[in-house]
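Student: Quick check, what structure comes out for this input:
(4 chains)
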Protein chains: 2
Amino acid sequence: MTSAAPGRGKQAVRNNVAILAAAREVFLADQRAPISAVAERAGVGISALYRRYAGKEDLLRTLCHDGLRTFIGEAERAGAESDGWTALERFLTGVVEADVHSLTVHLAGTFTPTAEMRADAARANALAGALFERARPHMRQGVALDDIAMLLEMCAAVRVADPGRTTALRRRYLSVLLDGLRAGGSLPGPPPTRSEVNGRWRQPS
Amino acid sequence: MTSAAPGRGKQAVRNNVAILAAAREVFLADQRAPISAVAERAGVGISALYRRYAGKEDLLRTLCHDGLRTFIGEAERAGAESDGWTALERFLTGVVEADVHSLTVHLAGTFTPTAEMRADAARANALAGALFERARPHMRQGVALDDIAMLLEMCAAVRVADPGRTTALRRRYLSVLLDGLRAGGSLPGPPPTRSEVNGRWRQPS
DNA sequence: TCGAAGCGGAATGTTTCGTTCCGTTTGAAC
DNA sequence: GTTCAAACGGAACGAAACATTCCGCTTCGA
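Tutor: Numbering: from 1, shown residues only, chains lettered A, B, ... in the order given. So this is what the prediction gives:
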């Protein structure tokens, strides 16, 4: 599909990217947005969407999978830091800035995950777990890996009209949270369980 | 409507409460829930709803206004604490436990506020501002009142299937946030502006 | 026994969307 | 310049989700 096809090859290549970018923006702003909003934002007809994706669910799944891969990439890159705390900090900052959480957790439940996605999710979890373990000595007692997932969720909840400001504010509150993780004393109650954190994913039927 | 009416007075009184409680539960779980879900949860027919409220918007407005009053009540009660930090802490804990935020901010934009609501909102703001000022000496530099609004929003984003666990987890992360607020050092970027925080409210047409 | 206050829930009308379909456009190959 | 498969745009269609209305039935104080 590079340029050797008869017909509108160039436009098709451009649209491949435009559609994914538009879908990202639209579904980040509203996970329940209609698919027509994606087409409109991409400056494209609806048929251009259906030529590429079998349906809405397929598009959402693709988007979510992309987010998962970004998550994995951030984790791998941050793992190169020599200091454990710095690594975790860099990882979380990267994830928050990419707004990966809105692409993954918030879209979960709107589609049936593939086997490959579940494998990637497991890998993502392992990487995050490793980062967490390295950073644990720098944190207060009782903090668990699943706490981190919830903190990311909290950051994703920060949202104002301007996307740039949204990112800036998230950085601000991630900073508060990270400082809170290093404070002394113990935390009230137990951390979330694995199933509480993963409760959003739809089971493959 | 106590018991002097002909017809089904007793049932009506019971339903008054049941419907509001059901609406609270349903709309806390999903702000876009259909009104029929409220009736079902209350164990009541749809007409019982429409006898009391002019429509969905009216019900949502009532619910939101109740939340606003709870917010004010918490602020007044917490204001009685002698220590400024303890007062803020108690206030925020109370607000988070009552899940007031999901009832107010999350429902804003789904109805047109009344003049009385806007007056109450102003009063709520003033009370929160007073609590914040008293606590400010205990907090790191650069924290603003509007930051507090965002922190509440972040807590409201914590949600798992079991409501009891949801409350417990929110307490846990509120604790992290509060410790983060007292940490040293400055925060990245400016706090949110008033309009960023209030952007959700629909203007009275 | 009466009848007004309440109620349940089917019926209605509307809006919102996902998906399909078909006529049109594009551009590489000849 | 002509051809034709690849792509498109967007109207049309059908299904689903909802808010609201309506009407016949129930309850219970007088």
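Student: In contact with the residue lying closest to A:Ala18 once chain neighbours are set aside, which residues?
Tutor: Nearest non-adjacent residue to A:Ala18, counting by Cβ to Cβ, 6 or more residues apart in numbering or on different chains: A:Ala42, 4.5 Å away. All C-beta spots, glycine's among them, are computed from the backbone N, C-alpha and C. Residues near A:Ala42 by Cβ atoms under 8 Å, 6 or more residues apart in numbering or on different chains: A:15, A:18-19, A:21-23, A:48.
Student: ranking the residues you listed by neighbours, who comes first?
Tutor: Highest neighbour count within the contacts of A:Ala42, by other Cβ atoms under 10 Å in any protein chain shown: A:Ala23, with 26 neighbours.
Student: wait, doesn't it sit right on A:Asp66?
Tutor: No: the criterion here is Cβ atoms under 8 Å, and A:Ala23 misses it with A:Asp66 at 9.6 Å.
Student: quick one, the helix or strand where A:Tyr173 lies and helix B:163-182 angle?
Tutor: Assigned by DSSP states H and E, A:Tyr173 belongs to helix A:163-182. Note on geometry: by axes from the mean of the first three to the mean of the last three Cα atoms, to 10 degrees, helix A:163-182 and helix B:163-182 are set 90 degrees apart in direction.
Student: For helix A:163-182, give me every contacting residue.
Tutor: A:89, A:92-93, A:96-97, A:99, A:138-140, A:143, A:151, A:154-156, A:158-160, B:147, B:150-151, B:154, B:175-181, B:183, B:185, B:187-192, B:196.
Student: which of the residues you listed are close to DNA strand C?
Tutor: Filtering these for proximity to DNA strand C by Cβ under 7 Å from any atom of the strand leaves nothing.
Student: and the residues you listed, which of them are in helices?
Tutor: A:89, A:92-93, A:96-97, A:151, A:154-156, B:147, B:150-151, B:154, B:175-181, B:196 (DSSP state H).
Student: circling back to that earlier point, mind checking which of the contacts of A:Ala42 are in helices?
Tutor: A:15, A:18-19, A:21-23, A:48.
Student: What sits closest to A:Gln203 if chain neighbours are left out?
Tutor: A:Thr112 (8.0 Å).
Student: Where does pLDDT dip in chain A?
Tutor: A:1-9, A:204-205 (pLDDT under 70).
Student: The lengthiest helix in chain A near DNA strand C anywhere?
Tutor: Identified as the longest helix of chain A according to DSSP H is helix A:56-78. Yes: applying Cβ under 7 Å from any atom of the strand, one finds helix A:56-78 touching DNA strand C at A:56-57.
Student: Against which helices or strands is that helix packed?
Tutor: Helices and strands touching helix A:56-78, as assessed by 3 or more Cβ pairs under 8 Å, 6 or more residues apart in numbering or on different chains; DSSP states H and E, comprise helix A:9-29, helix A:35-42, helix A:84-97, helix A:100-104, helix A:115-135.
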